[in-house]
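Engineer: Just need the structure, nothing else, for what follows:
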Amino acid sequence: MYKYIIKRLLLLIPVLLGVSLLVFTILSLTPGDPAQLILGESAPREAVLKLREEMGLNDPFLLQYLRFVKNAIVGDFGRSYTTGREVFGEIFSRFPNTFVLAVTGMIISVCIGIPVGIISATKQYSAMDSISMVLALLGVSMPVFWLGLMLILVFSVKLGLLPSGGFDGLKSIILPAATLGVGSAAIITRMTRSSMLEVIRQDYIRTARAKGVAEKVVINRHALKNALIPIITVVGLQFGGLLGGAVLTESVYSWPGVGRLMVDAIRQKDTPTVLAAVVFLAAVFSVVNLLVDILYAYVDPRIKSQYK
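Structural biologist: You can find the predicted model right below:
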């Protein structure tokens, strides 16, 4: 198990290098001058050219990227062009907000998705199954920004029950968490139904029913436990996606998280902040996937025996 974990952690290196190179290339092709941004629009041309030289922006592209990698290895991702603060300090100050939002959204999606998926599988082709699958399809199809705006319109503008944005108390997390949870719940519902249908058709399920085991015990102890592997996979991927992909939701609700920080940095071409945020979120997503793989061993004894 330890060798496997170390091997997976080593695989993070080429992933992070590829992600950083891709983002660095895209940002270098976008219009805008960081030196002009720092000094302001009214700064003299000579001052802008001097600052570009000091920042190394006139160097070849490959040299700039290698300099970034060299500094990143020692944990130096530079300072923000707009605030002048160290970019990782800003990311760490905002990541708890993103984490709380992702966890809350994940709890909502799991509490809805797994029970509805189990009911749909055990009552296949029933009215409940049809309704849940239609709702799941709608949940997957709805754009996040549209759902967020609709929830704001209904619960904030029309009813005045919940705040429309910002981070001010427990009420402010309900709408953004619900926006994130609906899409994930739809995906988890479909996967749970599919996995449960495959398991309940197995011979050992029919044998347990023939022996007179109660239906709840058959479903919860025998079927669900053996159907958990694909469900855990989807839940892990969705959670990693919520941590790194809550950009639209945070923008719609003005949520002070890493996603909104990254959007603001992209608009201002704050290259150090964008690079650090993308690399950080890519690392978090990879670590979440590693934890999901380790969790397999505790859910399925067959997988655990391979490591022994």
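Engineer: Please enumerate the helices of the stretch 201-308 of the chain.
Structural biologist: Along the stretch 201-308 of the chain, the stretches classed as helices by DSSP state H, counting those that start in this stretch are 203-210, 215-217, 224-226, 228-245, 247-252, 258-267, 271-299, 301-307.
Engineer: TSV please, covering those and showing mean neighbour count.
Structural biologist: Quick note: C-beta positions are derived from backbone N, CA and C, even for glycine. Output for these, formatted as TSV (neighbours: other CB atoms under 10 Å):
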stretch	mean neighbour count
helix 203-210	13
helix 215-217	10
helix 224-226	17
helix 228-245	20
helix 247-252	22
helix 258-267	21
helix 271-299	19
helix 301-307	11
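Engineer: Residue 25: which of the ones you listed is closest?
Structural biologist: Ranking the helices of the stretch 201-308 of the chain by proximity to residue 25 (CB to CB) places helix 271-299 first, at 11.1 Å.
Engineer: packing partners for the closest one?
Structural biologist: Contact here means 3 or more CB pairs under 8 Å, 6 or more residues apart in numbering; DSSP states H and E; on that basis helix 271-299 packs against helix 2-29, helix 87-122, helix 228-245, helix 258-267, helix 301-307.
Engineer: before we move on, back to that, now distance to residue 97 and mean pLDDT too, for the helices of the stretch 201-308 of the chain, in JSON lines please.
Structural biologist: As requested, the helices of the stretch 201-308 of the chain are arranged in JSON lines below (distance: least, CB to CB, whole Å; pLDDT from 0 to 100):
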{"stretch": "helix 203-210", "distance to residue 97": "44", "mean pLDDT": "83"}
{"stretch": "helix 215-217", "distance to residue 97": "40", "mean pLDDT": "81"}
{"stretch": "helix 224-226", "distance to residue 97": "33", "mean pLDDT": "80"}
{"stretch": "helix 228-245", "distance to residue 97": "11", "mean pLDDT": "81"}
{"stretch": "helix 247-252", "distance to residue 97": "8", "mean pLDDT": "80"}
{"stretch": "helix 258-267", "distance to residue 97": "8", "mean pLDDT": "83"}
{"stretch": "helix 271-299", "distance to residue 97": "13", "mean pLDDT": "81"}
{"stretch": "helix 301-307", "distance to residue 97": "35", "mean pLDDT": "61"}
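Engineer: among those, which is nearest residue 100?
Structural biologist: That would be helix 228-245 among those, by CB to CB, at 10.9 Å.
Engineer: and the closest one, what does it pack onto?
Structural biologist: Looks like helix 228-245 contacts helix 87-122, helix 174-200, helix 271-299 (3+ CB pairs under 8 Å, 6+ apart).
Engineer: and the angle for the second one with helix 203-210?
Structural biologist: What that stands for is helix 174-200. 90 degrees (axes from the mean of the first three to the mean of the last three CA atoms, to 10 degrees).
Engineer: which helices and strands does helix 174-200 pack with?
Structural biologist: Using 3+ CB pairs under 8 Å, 6+ apart: helix 174-200 touches helix 87-122, helix 127-141, helix 144-151, helix 228-245, helix 247-252.
Engineer: nearest to residue 139, of the helices and strands packed on helix 271-299?
Structural biologist: Comparing these by CB to CB, helix 87-122 comes nearest, at 9.3 Å.
Engineer: Residue 99 contacts residue 240, correct?
Structural biologist: No. Residue 99 is not in contact with residue 240 according to CB atoms under 8 Å; the separation is 11.9 Å.
Engineer: Looking at the helices and strands packed on helix 228-245, which is nearest to residue 57?
Structural biologist: helix 271-299 (9.5 Å).
Engineer: Tabulate the helices and strands packed on helix 271-299 in TSV, adding columns for distance to residue 69.
Structural biologist: Output for the helices and strands packed on helix 271-299, formatted as TSV (distance: least, CB to CB, whole Å):
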stretch	distance to residue 69
helix 2-29	7
helix 87-122	15
helix 228-245	21
helix 258-267	19
helix 301-307	33
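Engineer: circling back to that earlier point, just name the most buried of the helices and strands packed on helix 174-200.
Structural biologist: helix 247-252 (a mean of 22; mean count of other CB atoms under 10 Å).
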